[in-house]
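*Asks:* need the 3D shape of this:
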Amino acid sequence: MTVITLQSKYCIIIRSSISGLVLADEEDWAELIERECPCTKPGLWLDIAVAIDTSRGMTEEGLVQVLANLATVLGPVKIAQGEGQHSRLSLITYGANATTKFDLTAFKSTDEMLAGIWQTKCGNEAKTNLLDALKQTQRIFEYHHIDPERRNVKTVIIVYASTFRQGHYEDPTQLANQIKISGTDIIVVAFDQHGETQALRDLEKIATPGFFFKNTAGNVAGEIQQALCLTNCFCTKQWAQYKNTFGSTEVKYGECVKIGGIDANWYPAQKACRRMGAGRGHLVNLFDTAKHNFVAQLYKSDYRFYPPYDYHIGLSYQSKDGKSGYYWDQPVGKKPIPQEGGFFKKWAPGYPDESKGECVVAKIPSARLLATDFTSSSELFWENEKCSTPRRFICQKTTCDTDNYCPLNEIDQMVILPRNEEKHETEVSA
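*Replies:* Numbering: from 1, shown residues only. Here you go, the predicted model:
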């Protein structure tokens, strides 16, 4: 999963508007892009199993370099035990067989962890058994991850390997696939000391897509840290994480969406999203074509809904600070974002029409409905309408990630927040 950076320090976007070409400054643009998965390294909260090849092929000098890389990767990470926004680490070494040097409960601090990993020594075995190492990680996760205080935490494996034998009876590929399907990511670092070989290239099959790195590349430590952050960027149950594809590359974003399972007016739908979103929720923002299409396809693929498709989105006509216009909904405590600054609009022909109402719905345009030519592939556009119109709705919240710790109660069930939400003077617009 290659990380595509959407922001740059000096960014100017040229976008179309009624008056022609408009320049958007960096501040406006930053508000109107979909949220990336953050990577605040001290904020990582994962259970990490590290498997290091200590066979003869790794060599003592090679091992020392691997340990230096691992210490660089994990140095900024807070290590502790129990519930909370911190990580735990287990260390496994493998040659002909795998040995657990430290389990997930061994280290109480980052300093303890860093001291512990430097105790690793190179062995004298010619064989390597990555299959046994992966089995050890699963035993560790199965035994320690059942800890009720850590059931909100994702698991990840980091493998440092100097060789790989595919097709052998100890081939770990099948087990690696099962591990990835179960929800545990695998980061693989191929440590090549003697020129690239096919065996090392085959290690990519073990890794989660985008999580395979070679020591011959630059900034391997940074790439591993970014992979850890992406693992730590996820949605709670019944929320779908927004993803987009650029060519063969899939990019995860720091946003989750959820379809409201019953119809409601726009303002009650807004309140529902805020309460279901555990303090980070609101009606969905659609800042670009890809997000618009992702949400539309998510809705169309839900077995509960049939054409013609329509749902509330987080866009409404409001007056803010003496300025009237369309604004995107935000969580309680954050200002709505003016849609005027956006470079993406999906209005149906003839819209917006101030006489129709103040709230916006995504739907197959009315003119097309009259022709009854809609299908599951029909494109959805925006129309403004009365806020009292009941429809299904799409909620959005930020992911659980390095900037947003999701406590146990949010993972276990929907969180009902205290009734101190922002009030709107009119619940239903006429």
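
*Asks:* all strands of the stretch 251-400 of the chain, in order?
*Replies:* Defined through DSSP state E, counting those that start in this stretch, the strands belonging to the stretch 251-400 of the chain, from first to last, are 282-283, 310-320, 323-328, 337-338, 359-363, 381-385, 392-398.

*Asks:* output the contacting helices and strands for the third one.
*Replies:* In this structure, strand 323-328 packs against strand 310-320, strand 337-338, with contacts taken as 3 or more CB pairs under 8 Å, 6 or more residues apart in numbering; DSSP states H and E. Placement of C-beta: from N, CA and C, glycine included.

*Asks:* do the same with the last one
*Replies:* Identification of packing neighbours for strand 392-398 by 3+ CB pairs under 8 Å, 6+ apart yields strand 249-259, helix 266-276, strand 282-283, helix 289-300, strand 310-320.

*Asks:* CSV please, covering the ones you listed and showing distance to residue 358.
*Replies:* As requested, the helices and strands packed on strand 392-398 are arranged in CSV below (distance: least, CB to CB, whole Å):
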stretch, distance to residue 358
strand 249-259, 23
helix 266-276, 8
strand 282-283, 13
helix 289-300, 20
strand 310-320, 4
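
*Asks:* so which of these is the most surrounded?
*Replies:* Highest mean neighbour count among the helices and strands packed on strand 392-398 (mean count of other CB atoms under 10 Å): strand 282-283, with a mean of 25.

*Asks:* for the stretch 101-250 of the chain, which residues score under the pLDDT cut-off?
*Replies:* Residues of the stretch 101-250 of the chain that meet the criterion pLDDT under 70 lie in 145-146, 166-169, 195-199.

*Asks:* also the stretch 251-400 of the chain?
*Replies:* Regions of the stretch 251-400 of the chain meeting the criterion pLDDT under 70 cover residues 366-377.

*Asks:* mind listing the helices for the chain?
*Replies:* Per DSSP state H, the chain carries helices over the ranges 26-31, 60-74, 110-117, 130-144, 173-181, 198-201, 220-231, 266-276, 289-300, 366-370, 408-412.

*Asks:* now the ones you listed in TSV, with distance to residue 212?
*Replies:* Formatted as TSV, the entries for the helices of the chain read as follows, by distance: least, CB to CB, whole Å:
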stretch	distance to residue 212
helix 26-31	31
helix 60-74	15
helix 110-117	22
helix 130-144	14
helix 173-181	12
helix 198-201	9
helix 220-231	10
helix 266-276	37
helix 289-300	25
helix 366-370	46
helix 408-412	29
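
*Asks:* can you tell which of those is closest to residue 191?
*Replies:* Residue 191 lies closest to helix 60-74 among the helices of the chain, at 6.0 Å (CB to CB).

*Asks:* show me what counts as buried in that closest one.
*Replies:* Applying a neighbour-count criterion of 16 or more other CB atoms under 10 Å, the buried positions in helix 60-74 are 62-63, 65-67, 69-70, 73-74.

*Asks:* I'd like the distance from that helix to the chain centre, please.
*Replies:* Per CA atoms, centre = their mean, to the nearest Å, the displacement of helix 60-74 from the mean C-alpha position of its chain is 28 Å.

*Asks:* check stretch 358-367 too.
*Replies:* Taking CA atoms, centre = their mean, the mean C-alpha location of stretch 358-367 is offset from the chain mean by 30 Å.

*Asks:* report the buried residues of it.
*Replies:* Buried residues in stretch 358-367, defined by neighbour count with 16+ other CB under 10 Å: 358-365.

*Asks:* ditto for stretch 188-197
*Replies:* Going by neighbour count (16+ other CB under 10 Å), the buried part of stretch 188-197 is 188-192.

*Asks:* likewise stretch 73-86?
*Replies:* When neighbours are counted by 16+ other CB under 10 Å, the buried residues of stretch 73-86 are found to be 73-74, 77-81, 83, 85-86.

*Asks:* ditto for stretch 240-251
*Replies:* Under the neighbour-count criterion of 16+ other CB under 10 Å, stretch 240-251 has 241-242, 244, 251 buried.

*Asks:* one more: stretch 82-101?
*Replies:* Within stretch 82-101, the residues scored as buried using 16+ other CB under 10 Å are 83, 85-95, 98, 100-101.

*Asks:* residue farthest from the centroid of the protein?
*Replies:* With distances taken from the mean C-alpha point of the chain and given as CA atoms, centre = their mean, the most distant residue is residue 124, at 41.0 Å.

*Asks:* now it. Nearest residue, chain neighbours left out?
*Replies:* Computed as CB to CB, 6 or more residues apart in numbering, the closest residue to residue 124 that is not its neighbour in sequence is residue 56, at 5.6 Å.

*Asks:* the one you found: neighbouring residues, count only.
*Replies:* For residue 56, the count of nearby residues is 16 (other CB atoms under 10 Å).

*Asks:* and it, what does it touch?
*Replies:* If a contact means CB atoms under 8 Å, 6 or more residues apart in numbering, then residue 56 has 95, 122-126 as its contacts.

*Asks:* over to residue 283?
*Replies:* So, once contact is read as CB under 8 Å, 6+ apart, residue 283 ends up touching 266, 269-270, 273, 312-314, 329, 393-396.

*Asks:* pick out the most distant pair among those residues.
*Replies:* Based on CB to CB, the longest span within the contacts of residue 283 runs between 266 and 396 and measures 14.7 Å.

*Asks:* find the nearest non-adjacent residue to residue 220, please.
*Replies:* Closest residue to residue 220 in three dimensions, ignoring its sequence neighbours and counting by CB to CB, 6+ apart: residue 213, at 5.2 Å.

*Asks:* just the contacts of residue 283 now: which is nearest residue 44?
*Replies:* When the contacts of residue 283 are compared for distance to residue 44 (CB to CB), residue 396 wins out at 23.8 Å.

*Asks:* identify, from the buried residues of helix 60-74, the entry nearest to residue 114.
*Replies:* Checking the buried residues of helix 60-74 against residue 114 by CB to CB gives residue 74 as the nearest, at 7.2 Å.

*Asks:* how close does the closest one get to residue 109?
*Replies:* Relative to residue 109, residue 74 is positioned 12 Å away (CB to CB, to the nearest Å).
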